[in-house]
Every structure is written in structure tokens, then in C-alpha cells.
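>>> Predicted coordinates and the sequence they were generated for:
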Amino acid sequence: MALLSLGLLIIAIILGFTRKMNTGLLCMAFAMVVGRLAGMSDKAIIAGFNYNLFIMLLGVTYLFSLAQINGCLDLLAKKVVALAGKKTYLIPIIIYLFATVLSAIGPGTVPTMAILMVFAMALAAELSINPAMLSALIVLGASGGGVSPLAATGIIGLNLCAGFGLTGIEREFFFNGLLAATAYATFIYFVAGGYKMHSDKVMNLGDIPAFNTKQLITLAGIVLMVFLVMVLKINVGLVGFLIAGVLSFLKVSDESEALKKVPWGTLLLITGVGMLMNIITKLGGIKILSAALVSIMTESTATSIMGLCAGITSWFSSTSGVVMPTLIPTIPYINAQMNNVLNPVELATAITMISNTGGISPLSTGGALALAAYTSAAGSTPEDQQKLFMKMFSFSCMGIAFLCTMAYFGLFRWLL
């Protein structure tokens, strides 16, 4: 039954990639099948649905859907980038930093990429900036900021670690993620020649409209959310609903449109995979998967091998929805078989960040958004699209190789 449960997970991932089906919904269906075959009750099967995680993710994504619809976040992005003025070489740095901060305060990885990618790719076409470099920096910034305890990926990672008793790691998890993202972003900036960029075209701050009243109220709401969560330690999902409720009451955004923008598919993906993983764990499937990984690793290569598995898997499936829920639960079993010499936070952040780095690929959400946006903005020919595809995919491969190599030399434990 343990092998069957693992096999069904693999089938769900393959079908999600090849048939474009929601892997989470498939996992829910498979959870019922394997659970019943294993003699589990319906109540025990449904117990694998993480309601706490669902509420947190829904509250955060709904709030930032409101902020996105009224143009608040897009206008903020334009104002921030315009700060570079004639110093075009600063634009990639500013976009990376802005993506990091924006992702960290709540929107998370995918929404931040969606907010910035269309604008940034249009900017790349207008100012002749390397689109592969700029899209990679957005993915990395959104990923590094996305592991904060306020953002979806961070919430998911912390919940998965708490599932095997690893708690109180919010700061380490976040700073470790920032370090990894910044290390590769710096590498890309210099390798791709970002420091040599120059353009005669300039974005002037004075040409960008001021925030209107509704947008200012929205910004104030976001600042209040950060305060309530970080200082008063209130559940981020509940705070998200509170602030969103106030914003809806004040009519600063369109509530019905915001509900449509909530990534329901992603929420079901994450919680659906969690249901099947709960059954896999109970049936001993995680122990089998852990044993298979341990058989090919040593103490010094464990982090690199886990990261490599995560990075390659992320080309075909979601980081937060599939890769993290599949690999992070193996950490305590792998550590036990390695005589508890490994640092679980090191492994968890390596899995998360190397998987996110794989998302630079056009096969993943961030890369696909960039390729589509730049093609539209620049009117690229099929040949140019193919070249850009290969550049972006090479940055993804290079990132996985770079971070796996750095993991071998202890990158993911430098701040622990």
C-alpha cells in the first residue's frame, strides 16, 4: 500500500504536467482510492486537508487581489523603478529588491511574478534590457521574499516543518532563502552584463501619476497587516480577511473581481497534494522514499542531492504545491538514517530555494509569464522566441547547478 500511494502521487504529477490537470484535485481523488483500499475511514482521509493552511493562504491572496485590481501594486512598481533615472544599470537591482520586498510582505512568489513580469518585460523591450536576466531576477526576488512568514511559500514551508516538530524557524528559513536568492541573482547580474547596461530612454518619476485615495488606503491597509502579523503575532490569514473586509467596505476595490483573481487552483493544488501526502506518510511511503534518497547520498552530499531532486522536479510541477510537500516530509527520516548529523532547516531551505530557482525555466509559471509578456511587448519572431526560451532555460539549469554546488560548500547553513 505504501508503494501504491507513492505510485499514485507520481501518476498525479505526470498527469498534471502532460494533461494540464490540477495535480491537487487528482491527489484528492487518489487519496480516497488508496485510503479506502487501506481500510481508512472517510473522516481519516479528509483529515489530511490542512484547513489552517488553506485559511492563511486564502486570506493573504484575497487581500492582495484587491490591491492588484485597483492598480495600487502596479503603480508602486513603476514609481520604484523610475528611481533609477538615467542609471539604467540600477534597474535590474531595483526590480530584484522590489520583487523581494513586495513578495515578503504578503503577495508571495507567484502573485509577485504576475504583478511585475508584464511591466518588466515591456520595460525590457523598450529599454533593450536583457529579458532573460530581468525575468530571472524577478523570479529570484519573488522566491527569496516569498519564504517570509507572511507569504504563501514561507507559510507552506513552516507548516510542513511543523508537521514533524520543527518550529520556531521563521527567521532562519527566511534569511536562508534571501541569501540563496541573492547569491544567484548577483551571479546572474554580472554574468549577463547587467552592470554594463545603458539606455538613452529614461523613466521619469514626474511622468507617473500620483496614487489616488483608494490606492493610498490600500497601501495603508497593507502596512497595517504587516504590523499586526509581525508585531502582534496575529494569524496572517485572519488579518488578511480583516484588512480585506475593511477595504471592501470602503469600496477601494472590486470585491467580486478580487474573488475571481484568488488562485483557487493553486490553493486546491497545495491542499490536495497534502491530503495524499498525509496518507502516504501514514502508510509508510515517506520512509520508502527517504530510504531511496539516502541510498545515493552521504553526509556531505545530502543537501546538494535533495536540492537537485527539488530543482529538476520543479521543471514539471509546482514548488509549493508538489515539490515541497513531497520532499520536506522526508527530512526527519533521512536525518535519522544519517544519525541525525544533518541540519533540517538547511535541507528544508535548500529544497525550497533550489526548486524555486528551477522556476526561471519557461516550462514553469514565472518563466512562462516572462516569455509570453516579452513576446507580446517586443513582437518577437518565432526564432527570437526560441532563443529567449533557451536562454531562460539555461539560466534555470545554471541556477540549479550553482546552488547545488554552493549547498555542498555549506551555503544553506551559513546563517544557521
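Now that the structure is in, tell me what you want to look at. Residues are numbered from 1 along each chain as shown.
>>> Tell me which stretches of the stretch 101-250 of the chain form helices.
Using DSSP state H, counting those that start in this stretch, the helices of the stretch 101-250 of the chain run over 109-127, 131-145, 152-162, 170-191, 213-230, 236-249.
>>> Highest mean neighbour count out of these?
Highest mean neighbour count of those: helix 131-145, a mean of 30 (counted as mean count of other Cβ atoms under 10 Å). For the C-beta atoms, the positions are set from N, CA and C on the backbone; glycine is no exception.
>>> Tell me how far it lies from the chain's centre.
Distance of helix 131-145 from the chain centroid (Cα atoms, centre = their mean, to the nearest Å) equals 11 Å.
>>> With stretch 3-14 instead?
23 Å.
>>> quick revisit: for residue 352, which of the helices of the stretch 101-250 of the chain is the nearest?
Ranking the helices of the stretch 101-250 of the chain by proximity to residue 352 (Cβ to Cβ) places helix 152-162 first, at 5.4 Å.
>>> For that closest one, which outside residues touch it?
Where contact means Cβ atoms under 8 Å, 6 or more residues apart in numbering, the residues beyond helix 152-162 that reach it are 50, 52-53, 56-57, 60-61, 108-110, 143, 146-149, 167, 169-170, 173-174, 177, 236, 270, 319-320, 324-325, 328-329, 331, 344-345, 348-349, 352, 356.
>>> Would you mind listing which of these are buried?
Among these, those classed as buried by 16 or more other Cβ atoms under 10 Å are 50, 53, 56-57, 60-61, 108-110, 143, 146-149, 169-170, 173-174, 177, 236, 270, 319-320, 324-325, 328-329, 331, 344-345, 348-349, 352, 356.
>>> residue ranges with poor pLDDT in the stretch 301-416 of the chain?
In the prediction, the stretch 301-416 of the chain carries no residues with pLDDT under 70.
>>> what's near enough to touch residue 151?
Contact partners of residue 151, counting by Cβ under 8 Å, 6+ apart, are 60, 103-109, 145.
>>> and it, what are its phi and psi?
Phi and psi for residue 151, reported as degrees, to the nearest 10, are phi -110, psi 160.
>>> Residue 105 now?
phi -80, psi 0.
>>> Quick check: it touching residue 224?
No - taking contacts as Cβ atoms under 8 Å, residue 105 lies outside contact range of residue 224: 11.3 Å.
>>> Give me the contacts around stretch 171-183.
Taking Cβ under 8 Å, 6+ apart as the rule, stretch 171-183 contacts 100, 104, 140-141, 143-149, 154, 157-158, 161, 345-346, 348-350, 352-354, 356-357, 402-403, 406, 411-412, 414-416.
>>> What separation is there between residue 386 and residue 131?
14 Å (Cβ to Cβ, to the nearest Å).
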